[in-house]
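Colleague: Here you go, sequence then predicted model.
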Amino acid sequence: MTPAEHPNIPHADAPFVFGEERLTLQALDQLRRGVRTAILGENAKRAMAQSAAVVQKLRKKNTDMYGISTSLGASVDTHVPDALSDKLSLNLLRFHGCGTGRMLHDQEVAGVLAARIQSLAQGKSGVRPMIAERLVLMLQKRVLPCIPAEGSVGASGDLTPLSYVAATLCGEREVRVDGRTMPTAQWLKDEGLEPIELIAKEALALMNGTSVACAMAAGGWIEAERLANLACDLTALVSDAVQGNPTHFDAFVHHARPHQGQIAAAQRIARALDYDPANPPTDRRLQDRYSLRCAPHVIGVAFDTLTWTQTLLETELNGVSDNPVVDVEREIVLHGGNFYGGHVSQAADTLKTAVANLADLMDRQMQLICNKAENDGLSPNLIGVQGDEACIHNGFKAVTIATSAIAAEALKLTMPASVFSRSTELHNQDKVPMAPIAVRDLLRINELTATIAAMLCLAGTQGVFLRGLDRVSSASQAMHHAVRQLAPPLVEDRRLDHDIETVRKAITRGAFDALNPTAP
């Protein structure tokens, strides 16, 4: 079973219940895209109210609590009188208003809101239910805080980017509504809502977590899964075009070294080739180049990486990435480091390497299909013109250069961000995971890989067109038909940039996902 199979996803018509359901990557994706509603569970409301009550009870006892009776970070030794604790909460979100870089796009922000709600809904953060209820309202109405991408080292949580979420609850900074950016105060006024006055611990609980990096990594995971599946389908397409040997994908070969991802990749490729192990072709070359023969071994690593990183990310999404945390039963507050984004960083660093290898694989397949010496009689560079004028056309030659350039950029970005720890904040945060950087690398590598995949879609369908559609599998014919709806075949040389971008966007929105459905 490939990672594309998700038999237990609830129907999108059923609202997701924060605090009472497990937030899977697929459920988060539905919430990101706005195709599923959500509510805050009644049990979650009770648990939140109880933890908030414990914090207030301890305040009355003058119990020392970080961020309540103390200042923040390396200033933990600075005492804060109880009368000023609520103001400290407000100042915390204000002085972290120093984010830079691009603004997260709407789906990313929706994912951040969902991830933070789920963490708070566990009832271990000491915040009132009204905080999560307001965030649920914003998620439902797609009122999305404007969050800069840069400024977090991934420990003490994503403090700076999450400050932009906390600030909107107070009526500060900006939100995006229906594609327009407006002051949060204006949106509240239009809706007849009042800003929330955050009390002690609440800004800290909103900000002191991994929800930005984790939500973005979850989106990157969804994209990586799509690319891994597409890499199988494109391998089949190229193999068909160059008349490759389908026995390379025979189940016997891959069960002999039973990595589950490798087995799944080979199965998907074989199915796309209409391969019948009882009746293998006998007129093919004995062994294809590694970019075809070893494709299941490359893509299989991505499938297996998706499997174990899904576990890491879903554990993070459903945990409490906060400090301190509230034990309601013992009525105590415990100090720790659950805000540390090490698991998210490791997941993103590992995923980005697996995806970059897909980019490299597809680049090699592009070189193969365009090489007259290796493409089994197709025209060099898949030139579509025949006759005397063929000599003045170059087909996909420049595209092969472009895929090499793009693959090199993707491979360059695989340097693990998690090892670039920096000691910061007066050496209080002296070991940090850099999860947001790892995630941004992953997203960029996904984008680059999707671009190469778009180029290979065009070249592969050109290849099967030149080979003759009656000589290729039903899946290759379906891929050809899908791409032809977006771009015509290349006959005489012309610009291809618009075609490439059109196909890339189609890949990103999942237009090719159902071309090779996984067998039950």
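Modeller: That came through, no problem.

Colleague: From here on, just use CA atoms for contacts and neighbour counts.
Modeller: Fine.

Colleague: The stretch 201-350 of the chain: strands as residue ranges?
Modeller: Secondary structure of the stretch 201-350 of the chain (DSSP state E, counting those that start in this stretch): strands located at 325-327, 332-334.

Colleague: got a markdown table for those strands, with mean pLDDT and mean neighbour count too?
Modeller: As requested, those are exported to a markdown table (pLDDT from 0 to 100; neighbours: other C-alpha atoms under 10 Å):
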| stretch | mean pLDDT | mean neighbour count |
| --- | --- | --- |
| strand 325-327 | 97 | 21 |
| strand 332-334 | 96 | 17 |
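
Colleague: now the helices for the stretch 401-520 of the chain?
Modeller: Secondary structure of the stretch 401-520 of the chain (DSSP state H, counting those that start in this stretch): helices located at 435-467, 474-484, 497-508.

Colleague: which of the residues in stretch 123-138 are buried?
Modeller: Taking 16 or more other C-alpha atoms under 10 Å as the basis for neighbour counts, the residues of stretch 123-138 that come out buried are 123-129, 131-136, 138.

Colleague: which helices and strands sit right next to the helix or strand of the chain with the lowest mean pLDDT?
Modeller: Across the helices and strands of the chain, mean pLDDT, DSSP states H and E gives its lowest value to helix 82-95, namely a mean of 92. For helix 82-95, the helices and strands in contact under the criterion 3 or more C-alpha pairs under 8 Å, 6 or more residues apart in numbering; DSSP states H and E are helix 159-169, helix 202-207.

Colleague: How about residues contacting the last one?
Modeller: Put plainly, it is helix 202-207. When contacts are taken as C-alpha atoms under 8 Å, 6 or more residues apart in numbering, the neighbours of helix 202-207 outside the stretch itself are 67, 89-90, 92-93, 116, 120, 125-128, 157-163, 165-166, 322-323.

Colleague: Tabulate the CA atom coordinates of that helix in CSV.
Modeller: Extracted C-alpha coordinates of helix 202-207, given in CSV (Å, rounded to 0.1, in the frame of the first residue of the first chain):
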residue,chain,number,x,y,z
GLU,A,202,-2.1,33.2,27.3
ALA,A,203,0.2,35.0,24.9
LEU,A,204,3.0,32.6,25.9
ALA,A,205,0.8,29.6,25.3
LEU,A,206,-0.2,30.9,21.8
MET,A,207,3.4,31.6,20.8
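
Colleague: Helix or strand: which one has the residue lying closest to Leu317 once chain neighbours are set aside?
Modeller: If the residues on either side of it in the chain are set aside, Leu317 comes closest to Ala115, at 5.9 Å by C-alpha to C-alpha, 6 or more residues apart in numbering. With elements delineated by DSSP states H and E, Ala115 resides in helix 106-120, which encompasses its position.

Colleague: That helix: what's the following helix or strand?
Modeller: Toward the C-terminal end, the helix or strand that comes next after helix 106-120 (DSSP H and E) is helix 129-141.

Colleague: ok, residues contacting that following helix?
Modeller: Outside helix 129-141, the residues within contact range by C-alpha under 8 Å, 6+ apart are 34, 37-40, 44-46, 48-49, 110, 113-114, 117, 120-121, 144, 169, 196.

Colleague: angle of it against helix 106-120?
Modeller: Helix 129-141 and helix 106-120 are oriented at 160 degrees to each other (axes from the mean of the first three to the mean of the last three C-alpha atoms, to 10 degrees).

Colleague: can you give me the angle helix 129-141 makes with helix 159-169?
Modeller: Note on geometry: by the same axes, to 10 degrees, helix 129-141 and helix 159-169 are set 90 degrees apart in direction.

Colleague: Tell me where the model's unsure across the stretch 101-250 of the chain.
Modeller: Filtered on pLDDT under 70, the stretch 101-250 of the chain yields no residues whatsoever.

Colleague: Now Pro183. Its backbone dihedrals?
Modeller: Reported as degrees, to the nearest 10, the phi and psi values for Pro183 are phi -60, psi 140.

Colleague: ok, back up a step: need the buried ones from the contacts of helix 129-141 selected in ChimeraX.
Modeller: A single ChimeraX command suffices to select whichever of the contacts of helix 129-141 are buried according to 16+ other C-alpha under 10 Å:
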select :34,37,38,39,40,44,45,46,48,49,110,113,114,117,120,121,144,169
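
Colleague: Relative to Val35, how far out is Pro380?
Modeller: 45 Å (C-alpha to C-alpha, to the nearest Å).

Colleague: Name the nearest residue to the residue nearest the centre of the chain, sequence neighbours excluded.
Modeller: To find the centre residue of the chain, average its C-alpha atoms and take the closest one (C-alpha atoms, centre = their mean): that gives Gly220, at 1.5 Å. When the adjacent residues along the chain are set aside, Gly220 lies closest to Leu443, with 5.6 Å between them (C-alpha to C-alpha, 6+ apart).
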